[in-house]
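Novice: What follows is a predicted protein model with its sequence.
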Amino acid sequence: MKVADGKMLNIALPKGRLGEKVYGMLEKAGYSCPEVLGDSRKLIFESPETGVRYFWVKPSDVAIYVERGAADLGIAGKDLLLEYRPDVYELCDLHTGKCRMAVASVKGFRDDPGRTLRVATKFSHIARDYYAGKGREIDVIHLNGSIEIAPILGLSDVIVDIVETGTTLRENDLEVIEEIMPISARLITNKASYKFKNGEIRALAEALGRKEV
Amino acid sequence: MSEVRPAPASSEDWRVINVNSQARPPFFRDLRSGEYSGNLRKLYENFGYRPYKMSKFEEYELYLRNKEFLISDAIITFTDTDGRLMALKPDVTLSIIKNTDVKPGTTDKLFYSENVYRVSGGGSGLSSSGGTFKEIMQTGLECIGAVDDYCLSEVLLLAAESLSLTGKNFVLDVGQLDLLFKAVDRVSSDPAVAAAILRCAEEKNLHEIAEIAAKIDRENAEKGIATRLSASYAAEAVIKLVGLYGKPAEILPEVEKIASELGMEAEFGQFRTVLEALSGTAAGEKLRIDFSIVSDRNYYNGIAFKGYVEGIPGRVLSGGCYDRLAGKLSKKGKAVGFAVYLDVLERLWDPEDDKTDEIIVVYPDGSSPSDVLAKMNDFSCGGRSARAMSEAEFQARELLRDPGNITVSGKYCETSGNITEFREMRGE
């Protein structure tokens, strides 16, 4: 759908396989911009014919671009939306980039509910919310990467992290103890953009599977 | 650092340089100069609202008891000389309600323009203003007491007009909280589930509302619990409401059907009356119905609204009815009001707006201050913005490639001797 009065829809795509897959969905829905998947070093790709402007950003930055209005729309993982709670609209579940947010620990780990549980994670909000819901006291150890190593070295009792295939866990003698929630990619939009480019944004969301009763 | 060339001594070398300032659009200037606030004040006074002035401090306990009412619960506190724990106001409405004594059957109409102190940017983890406190100028109004449908329409009109005064394209989204709360409560009576649905409503996250309802139905089936209405069926009303967005004339018939199903005809009737009062006006054209506006149900009820100005990524105005807050503070009657977030409006910066001209008057060393003042006065009286700068300073800035906060883009215009006869030259 071409955008009226020369306004383009700015769309932040997450760099990597997920972004490429979602671009494929957008292309099928009529929002193509062939340059996007080329080898060019360009950062911004524009297609006046289809009324869209794409740009690749780090997956964890997509929600920032959208919340701050630099992008009208973006594709972000539900894990990041739950963790950072950006003030945006979540228009649809794209049913791609599927994985699980889970609690894992070393094989044979036995929890003692009588003591504070040490949880290593880069998803502090999600971990706190999950254990608060269970009334469990925890000590959150915020890490930025290599989370799996924490219980092996005794830094934490468990980890809260994303599990896709489980291979990394298996290779390190770790196992999933509890599943917190399923994760997938979501189409998000800036709240003000939704007001001023309403028809265009709703058309794009519907083309990607949003259902309004 | 490069050596600064000596300034010419001769008074023959007066120069008047016309420059383009870095684009400061008219609205931005109005905001900085307080003209926008002044226009808001005039608007509110024209409708009979009286200015309300208050102390910068309030007892901390007031905010402690009503933390959920505040945008941010971070508050600057200090102990006063008499031992009381005080706070720098993070909010104005609470103080006004607490300190206003409205006589039964009457209405107090007040407006304010006050500095408040809170962590700027609000709730989300991404709105990182560094988590530091800011002094924020906030303007708004409150209508307290015997608030009737006219009062509600008037407040909506004034909210729309406040946005209109920015001179930018805007919309005012309006929702009805009682309708939304009723629809949500039909899905589940569990406050935690209702809160989760309301969070989804705020995100227009229709698919997760459906998922929550489906999960309730699955759990009920597993436990053998029979319900008169399935959660999924009940959730359809929430999904329909939250999915709606558009002008009142287009959307009201849809809302009416849902309200009728919910048995909320009276609430809908008031909603329609208030919105239709603005139909046919310029402000009415900017109204949009939106049921994704969610406020804390312990404080707010009825009509709720948020204003957006094109070019700003978030809301710049928010307001609504807060009868329950008035009740909590032992006040009889109703209350409605809104606040304009002037700090957010500062983000309006549109390079497409007209650029403004500034003039630099470069005077050589040894010039008579009275001559320079007279020259500056000429510009000032002509409504032009000019800045006097010594030749030495001008050359120092040129050498440092630092013209300050202004970009020199004009040609020098030499004038000879008589400084009252100069030519202006527009920047190129």
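Specialist: Looks like it came in fine.
Novice: Close to chain A: what parts of the stretch 151-300 of chain B are there?
Specialist: Neighbours of chain A within the stretch 151-300 of chain B, by Cβ under 8 Å from any Cβ of the partner chain: B:169, B:171, B:173, B:203-208, B:236, B:239-240, B:243, B:245-246, B:288, B:292. All C-beta spots, glycine's among them, are computed from the backbone N, C-alpha and C.
Novice: measure the residue nearest to A:Asp111 when sequence neighbours are not counted to A:Ile183 for me?
Specialist: Leaving aside its chain neighbours, A:Asp111 sits nearest to A:Leu117 (6.8 Å; criterion: Cβ to Cβ, 6 or more residues apart in numbering or on different chains). Per Cβ to Cβ, to the nearest Å, A:Leu117 is found 22 Å from A:Ile183.
Novice: burial of B:Ile303, as a residue count?
Specialist: Using other Cβ atoms under 10 Å in any protein chain shown, B:Ile303 has 24 other residues around it.
Novice: no, scratch that, I was asking about A:Arg128
Specialist: Neighbour count of A:Arg128, defined by other Cβ under 10 Å: 15.
Novice: Also A:Lys28?
Specialist: When neighbours are counted by other Cβ under 10 Å, A:Lys28 registers 11.
Novice: Please settle this for me: is A:Leu187 part of a strand?
Specialist: Yes: assigned with DSSP: H, G, I helix; E, B strand; the rest coil, A:Leu187 falls within a strand.
Novice: so what's residue 210 up against?
Specialist: You didn't pick a chain, so chain A it is. A:Leu91, A:Cys92, A:Leu187, A:Arg202, B:Leu206, B:His207 (Cβ atoms under 8 Å, 6 or more residues apart in numbering or on different chains).
Novice: my bad, the chain I had in mind was chain B
Specialist: Neighbouring residues of B:Ala210 by Cβ under 8 Å, 6+ apart: B:Ser232, B:Ala235, B:Ile239.
Novice: Please tabulate those in TSV, including the columns neighbour count and secondary structure.
Specialist: Supplementary listing: the contacts of B:Ala210 in TSV, determined by neighbours: other Cβ atoms under 10 Å in any protein chain shown; DSSP: H, G, I helix; E, B strand; the rest coil:
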residue	neighbour count	secondary structure
B:Ser232	19	helix
B:Ala235	28	helix
B:Ile239	24	helix
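Novice: of those residues, closest to B:Ala194?
Specialist: B:Ala235 (11.5 Å; Cβ to Cβ).
Novice: Cross-check the contact I'm expecting between that closest one and B:Ile209.
Specialist: Yes: if you go by Cβ atoms under 8 Å, B:Ala235 and B:Ile209 touch, sitting 5.5 Å apart.
Novice: And the helices in chain A?
Specialist: Using DSSP state H, the helices of chain A run over residues A:17-28, A:62-67, A:78-84, A:124-133, A:149-152, A:167-171, A:191-196, A:198-207.
Novice: er, the stretch 301-428 of chain B I mean
Specialist: B:323-328, B:342-345, B:369-381, B:391-399 (DSSP state H, counting those that start in this stretch).
Novice: Can you say which of the ones you listed is nearest to chain A?
Specialist: Chain A lies closest, by Cβ to the nearest Cβ, to one member of those: helix B:342-345, at 10.6 Å.
Novice: starting at the chain centroid, how far to that closest one?
Specialist: 6 Å (Cα atoms, centre = their mean, to the nearest Å).
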